[in-house]
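**Q** Got a predicted structure here, sequence first:
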Amino acid sequence: MSDDDVGGLDEEFLYHLNRGADLLAKGEPEPAHAALSRARDLRPRDPKSLGLLGQSLYKLGRFDEAIEVYGRLVDESPIEATARVNLGLANLKAKRHAQAVRQLEIALDLNPEHKKAMGYLGLAWLEQGDLAQAREWFERAGSEAMVSKCDDLLAPGKAGEAGSSAPPPEQPSLAAEPEAAAAASRSPGAGSGGVQALGAFAASRLLELQGEGTFALARGLLTVAIRGEVLVREEGLLAVRGAVRLVPEMKRFRGRATDKPFGEGTRRMLRASGLGALLYRARGSCLVPVDLEGESAYFLDDVVFAFEDPVAFENGRVASRIGQDLNLVHLRGPGRVLLATRGEIAALEVTRETSLRVPFTALVGWTGALVPRVVPMAEAAGAAEDGTPGRPLVVELGGDGRVLLDQGAAS
């Protein structure tokens with residue numbers, strides 16, 4: 001595909017994206033949905049088009065489809081609270097209360113001060129008839145009217161009137177999604193002939209680096225705040241802001257630094273120190289922050305994207321006589337780790353009575369007293385003529401602990 005072809009696709013995508021946003025703003029969700037569906041076809045993973053498409057489906061009352069679209073948006077931006085709130089609200093409208101509660105609780109884990117998420121969570125509990133839970137969340141959201149509503153229903157003789165029979169409470173608008181859509185939907189400061197002035201062009205694309213916590217994700221961009229030292233990959237780095245020094249990190253074996261680099265090429269690990277921030281392109285991976293809280297864990301080398309300096313690390317590998325070795329990073333101590341996977345992470349228990357086999361591509365890591373070894377997927381019948389077992393290889397883990405799996409990995 002030539003550069004002209006790429007430019008043409010970009011122009012067509014922006015045309016349909018902007019048209020859809022304008023139609024939504026005018027209160028015309030049906031033609032907006034058609035335009036935004038075309039934008040999604042051109043860029044299936046673009047967060048702006050997904051967010052606007054979900055909004056159009058929500059306004060049309062097509063909540064099941066909105067759930068699917070917002071679910072994709074969550075896959076693209078798993079630690080962005082707004083995406084979780086919108087997915088929770090769509091589930092709430094579809095009467096999928098358990099799913100709504102789960103997404104809203106995750107949103108509040110990501111942003112504990114998100115007032116709209118608190119209000120929606122109150123609605124989810126109210127519709128299920130749990131007035132005490134609902135009242136608590138309405139109170140935290142600062143919704144005096146809904147607190148009063150719960151008090152009325154909790155009064156003697158009215159406790160059975162809650163649930164689906166309760167009048168629909170006041171609902172705030174769709175989280176921050178309309179604001180994001182408006183910023184992406186038009187070209188402020190257009191000059192003659194519809195050409196945008198440079199100052200307005202730059203202002204309309206101004207990025208705000210996230211500042212709360214070490215790792216923050218918004219609109220497909222990852223911000224890594226540097227206040228001391230953080231180890232982070234070079235891959236996807238867009239900008240370095242402030243007085244930040246970057247030095248390639250070396251591997252550590254048996255408690256000692258070596259002369260071997262921790263990662264190669266753009267996958268090398270850098271030690272960032274000073275005061276500032278790093279900005280990364282975060283699309284294409286599910287980025288999940290985890291607080292070790294002093295515990296110990298083993299992760300695949302490729303899965304570890306970044307971790308705070310208080311976390312101690314040591315590189316290692318599980319040697320294989322039949323093929324590829326398994327490269328690992330042992331992390332322990334207080335601090336946060338940022339994991340990069342293809343999909344959401346799941347966990348399975350392993351006991352001494354029952355071992356577990358996991359394909360290389362699906363393994364994220366493990367905690368507990370587990371012993372790994374590399375084995376063939378199939379028995380001897382799958383071996384090559386020279387006696388070497390054929391691929392794919394798997395990791396067999398035995399002992400007591402939990403294994404983390406990448407649900408988006410293909411075996």
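**A** Great, that's in hand. Residues are numbered from 1 along each chain as shown.
**Q** From now on I want contacts and neighbour counts done on CA atoms only, so please keep to that.
**A** Will do.
**Q** which stretches of the stretch 201-350 of the chain form strands?
**A** 215-218, 221-233, 237-248, 250-253, 256-261, 269-281, 286-291, 296-300, 304-308, 312-318, 326-332, 336-341, 345-350 (DSSP state E, counting those that start in this stretch).
**Q** where among the ones you listed is the average confidence lowest?
**A** Lowest mean pLDDT within the strands of the stretch 201-350 of the chain: strand 215-218, a mean of 84.
**Q** Pairing partners for it, with directions?
**A** Here strand 215-218 is paired, per DSSP bridges, with strand 221-233 (antiparallel).
**Q** Put the alpha carbons of the partner strand into PDB.
**A** Provided in PDB are the C-alpha atoms of strand 221-233 (Å, rounded to 0.1, in the frame of the first residue of the first chain):
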ATOM      1  CA  LEU A 221      -1.500   6.900  25.600                       C
ATOM      2  CA  LEU A 222       0.400   5.600  28.600                       C
ATOM      3  CA  THR A 223       2.100   8.200  31.000                       C
ATOM      4  CA  VAL A 224       4.800   6.900  33.300                       C
ATOM      5  CA  ALA A 225       5.500   9.400  36.000                       C
ATOM      6  CA  ILE A 226       9.200   9.600  37.000                       C
ATOM      7  CA  ARG A 227       9.700  10.700  40.600                       C
ATOM      8  CA  GLY A 228      12.900   8.900  41.500                       C
ATOM      9  CA  GLU A 229      13.600   5.700  39.400                       C
ATOM     10  CA  VAL A 230      11.400   3.500  37.300                       C
ATOM     11  CA  LEU A 231      12.400   0.600  35.000                       C
ATOM     12  CA  VAL A 232      10.500   0.700  31.700                       C
ATOM     13  CA  ARG A 233      10.800  -0.600  28.100                       C
END
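**Q** Tell me what angle it forms with strand 237-248.
**A** Strand 221-233 and strand 237-248 are oriented at 20 degrees to each other (axes from the mean of the first three to the mean of the last three Cα atoms, to 10 degrees).
**Q** and the helix or strand encompassing P31, what other elements does it pack with?
**A** Per DSSP states H and E, P31 falls inside helix 29-42. Counting contacts by 3 or more Cα pairs under 8 Å, 6 or more residues apart in numbering; DSSP states H and E, helix 29-42 is packed against helix 3-25, helix 47-59.
**Q** what sits up against that helix?
**A** 9, 12-14, 16-17, 19-24, 46, 49-50, 52-53, 56-57, 59-60 (Cα atoms under 8 Å, 6 or more residues apart in numbering).
**Q** gap between A39 and L14?
**A** 7 Å (Cα to Cα, to the nearest Å).
**Q** And these two? Which one has more around it.
**A** Just comparing A39 and L14: by other Cα atoms under 10 Å the higher neighbour count belongs to A39, 27 against 19.
**Q** And the pLDDT for that one?
**A** 90.
**Q** for the one 3 residues further on, same thing?
**A** The model reports L42 with a pLDDT of 89.
**Q** That one - how many residues pack around it?
**A** 17.
**Q** Next: Q128.
**A** Residues near Q128, counting by other Cα under 10 Å: 17.
**Q** isn't it right up against A98?
**A** No - counting by Cα atoms under 8 Å, Q128 stays clear of A98, with 9.4 Å between them.
**Q** Looking at the backbone only, give me phi and psi for N86.
**A** phi -70, psi -40 (degrees, to the nearest 10).
**Q** Tell me if I'm right that it and Y70 touch.
**A** Yes - in this structure, N86 is within contact of Y70 by Cα under 8 Å, at 6.8 Å.
**Q** can you pull the pLDDT of the residue nearest to G401 when sequence neighbours are not counted?
**A** Excluding the flanking residues, the one nearest G401 by Cα to Cα, 6 or more residues apart in numbering is G368, at 4.1 Å. At G368, the model reports a pLDDT of 93.
**Q** rewinding a little: how about the helix holding P31 as CSV, C-alpha atoms only?
**A** Only the C-alpha atoms of helix 29-42 are listed here, as CSV (Å, rounded to 0.1, in the frame of the first residue of the first chain):
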residue,chain,number,x,y,z
PRO,A,29,-28.0,9.0,16.5
GLU,A,30,-29.3,6.9,13.5
PRO,A,31,-27.2,8.6,10.8
ALA,A,32,-24.4,9.1,13.3
HIS,A,33,-24.3,5.3,13.9
ALA,A,34,-24.0,4.7,10.1
ALA,A,35,-21.1,7.1,9.8
LEU,A,36,-19.3,5.9,12.9
SER,A,37,-19.7,2.2,11.8
ARG,A,38,-17.8,3.1,8.7
ALA,A,39,-15.1,4.8,10.7
ARG,A,40,-14.9,1.7,12.9
ASP,A,41,-14.6,-0.5,9.7
LEU,A,42,-11.6,1.7,8.6
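**Q** and the direction of that helix versus that of helix 47-59, what angle?
**A** 150 degrees.
**Q** thinking again about what came up before, could you say which of the helices and strands packed on helix 29-42 is packed most deeply?
**A** helix 47-59 (a mean of 26; mean count of other Cα atoms under 10 Å).
**Q** Good, wrapping up.
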